[in-house]
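Visitor: Below are the sequence and a predicted model for it; my questions follow.
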Amino acid sequence: MLKLEELRSVIKGEIFVQEDMAKHDIKKITGVADILIKPSGKKDLTKTLHVLKKSRFPYVVINRKGRVIFPDDRYHGVVVVTD
């Protein structure tokens, strides 16, 4: 099970809950993510992925230029956005 407190204690980057992905300059992606994470760097990304894998919570990693197909209204899982 994913615990926000654990994420916040490990990750230096930004964590958003129930976040509209259009607010984050992610091209061609609309909808709301249950959790959106913006790691502060490669080490932070590694820590983020470790916590997510351990929790078995669904997630996807995208960059701001990548093409990813999302459901139109909501993605039930974590979205990790890298630069």
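Guide: Nice, thanks for sending it over.
Visitor: What segments of the chain are helices?
Guide: 4-10, 42-55 (DSSP state H).
Visitor: Go through stretch 12-31 and flag the buried ones.
Guide: Judged by neighbour count (16 or more other C-beta atoms under 10 Å), stretch 12-31 contains these buried residues: 13, 15-16, 19, 21, 24, 26, 29, 31. In short, each C-beta sits where N, CA and C put it, glycine included.
Visitor: Can you tell me the number of residues neighbouring Ser55?
Guide: When neighbours are defined as other C-beta atoms under 10 Å, Ser55 has 15 of them.
Visitor: Low-confidence ranges, this protein, go.
Guide: Applying pLDDT under 70 to the chain picks out residues 28, 64-73.
Visitor: angle of the lengthiest strand in it against helix 42-55?
Guide: Counting by DSSP state E, the longest strand found in the chain is strand 74-82. Angle of strand 74-82 versus helix 42-55, following axes from the mean of the first three to the mean of the last three C-alpha atoms, to 10 degrees, is 150 degrees.
Visitor: which helices and strands sit right next to strand 74-82?
Guide: strand 32-38, helix 42-55, strand 59-63 (3 or more C-beta pairs under 8 Å, 6 or more residues apart in numbering; DSSP states H and E).
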